[in-house]
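Novice: predicted structure and sequence below. I'll ask about it afterward.
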Amino acid sequence: MPLGKVTYPFPIDGKFQQIFKGPHPTHWQEAAAQKGFEFIGRAKDRLHVVLGCQSCGAPTLKRISVVLGHNPECPHCIQARRAAAARAIGAELIAADPSDRHYGLFQFGCGHTDRRQYHRVEAAAAGGHQASCSACIEDRYAEEAQCQDWKVIGPARRKGLNYRCYQHACGHCQDVAVVNMRNGDLDCAGCGETWSSKPSEIYILAFTLPTLPVIKLGYSSNSLFRMRQVQRDPDQTRGSLLRKIDVETGHRAICVEKALHSHIRRNRSDLIVPPELFRDHIRTTSEIYHRHGKPYIEALLDAVESGWDPRAQSAAA
Ligand SMILES: [Zn+2]
Ligand SMILES: [Zn+2]
Ligand SMILES: [Zn+2]
């Protein structure tokens, strides 16, 4: 009987495996070495071998056909890589999803547990993003819609994952991109209300990042709401509204705001804070300036209030 009663004295992929007595052909050992493993021995039956991973040192059980004909992977290295990706996005890998080997169960910063595809978690980590659980994401979308007088009804009927079906205060329902709802950048096909004709505000918000105080210049039909919604952890970033000016329409607000950003870029690029310093704390991709830029940016808003049009200057420059 080549299968002995004796097991290897260490667990292999979490189990004790019986030693299979038989030859250790040289070409098996060479194939293992070429693929990053040490050949330890045979186990379980005549088809399986035990390999030691040259990266992490852990033993793993493989079919000899995989070792000879394919690219065997170390499950312990894969597990470590996935756990590290989870930590990078602010979550913890708790377990594999028993229903699908491409999915794991993760616990997010909010405390909720949710399933995610491993490769999406690794892509988010590589992109330097933080992640939230699905329930908290939907809560945030609902809040963002509420601020614009819309309600989330459910998934979009005709469009993709980044859309939802929303109902306007007038009762009309339509599919809208989540990002457009966040910015109030949409028109109701039911009652004809357009974002561009609604009154708006240009604001200066202040936030405390772990390493530096910053301000955000932007526009919104509801600056206080925008201040709350843009923070990942309000207890840490402690947002406040420093200043806002009223603008007659959303259309004018977005034009003036864009022109102000390019004015600052041209004249005071030293005030721009690089995204890697704020993107883990504030949900925005740009528009963040150093706190000491406040007097300069306030002077620009004063000028806008007394009739200066930054667009005229952009066109001339
Ligand atoms: Zn390994
Ligand atoms: Zn959550
Ligand atoms: Zn409507």
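Specialist: Right, received. Where do you want to start? Residues are numbered from 1 along each chain as shown. Ligands and ions are numbered 1, 2, ... in the order given.
Novice: A helix includes residue 51, no?
Specialist: No - Residue 51 is assigned strand when assessed by DSSP: H, G, I helix; E, B strand; the rest coil, not a helix.
Novice: what sits against it?
Specialist: Going by Cβ atoms under 8 Å, 6 or more residues apart in numbering, residue 51 touches 32, 37, 38, 39, 40, 59, 60, 61, 62, 67, 72. Any C-beta I mention is one placed from the backbone N, CA and C, and that applies to glycine too.
Novice: neighbours around the third one, how many?
Specialist: Okay, so that is residue 38. Residue 38 has 14 neighbouring residues, counting by other Cβ atoms under 10 Å.
Novice: which SS class is it?
Specialist: Strictly by three-state DSSP, residue 38 counts as strand.
Novice: I figured it hits residue 32, correct?
Specialist: Yes - taking Cβ atoms under 8 Å as the definition, residue 38 is a contact partner of residue 32 at 6.7 Å.
Novice: where does the closest residue to residue 171 other than its chain neighbours sit: helix, strand or coil?
Specialist: Of all residues not flanking residue 171 in the chain, residue 190 sits nearest, at 6.7 Å (Cβ to Cβ, 6 or more residues apart in numbering). When classified by three-state DSSP, residue 190 comes out as coil.
Novice: now residue 190: how far from residue 153?
Specialist: To residue 153, residue 190 is 13 Å away according to Cβ to Cβ, to the nearest Å.
Novice: kindly report the same for residue 184.
Specialist: Counting by Cβ to Cβ, the gap from residue 184 to residue 153 is 18 Å.
Novice: the two: which has the busier surroundings?
Specialist: Using other Cβ under 10 Å as the criterion, residue 184 and residue 153 rank with residue 184 on top: 24 against 15.
Novice: what is the neighbour count of the closest residue to that one other than its chain neighbours?
Specialist: Among residues not flanking residue 184 along the chain, residue 148 sits closest, at 4.7 Å (Cβ to Cβ, 6+ apart). For residue 148, the tally of surrounding residues (other Cβ under 10 Å) stands at 24.
Novice: just the pLDDT at residue 148, thanks.
Specialist: Reported pLDDT at residue 148 in the predicted model: 80.
Novice: contact partners for it?
Specialist: 181, 184, 186, 221.
Novice: look up how far residue 183 lies from it.
Specialist: Distance from residue 148 to residue 183, by Cβ to Cβ: 9 Å.
Novice: ok, now residue 206?
Specialist: For residue 206, the distance to residue 183 - Cβ to Cβ - is 21 Å.
Novice: near ligand 3, which residues of this structure show up?
Specialist: Within the chain, the positions near ligand 3 by Cβ under 5 Å from the ion are 168, 170, 172, 188, 190, 191.
Novice: so the third one is in contact with residue 187, correct?
Specialist: To tie it back to what came earlier, the one meant is residue 172. No - at 10.8 Å, residue 172 does not count as touching residue 187 under the criterion of Cβ under 8 Å.
Novice: what does the domain assignment say about the chain?
Specialist: For the chain, the structural domains run 3-73, 76-126, 134-193, 199-316, going by automatic domain parsing.
Novice: excluding sequence neighbours, find me the nearest residue to residue 200.
Specialist: For residue 200, the spatially nearest residue (Cβ to Cβ, 6+ apart) is residue 253, at 3.6 Å.
Novice: and that neighbour, how many residues sit next to it?
Specialist: By other Cβ under 10 Å, the residues close to residue 253 number 26.
Novice: and the helix or strand containing it, what's buried?
Specialist: Using DSSP states H and E, the element containing residue 253 is helix 250-267. Within helix 250-267, the residues that count as buried by 16 or more other Cβ atoms under 10 Å are 250, 252, 253, 254, 255, 256, 257, 259, 260, 261, 263, 264.
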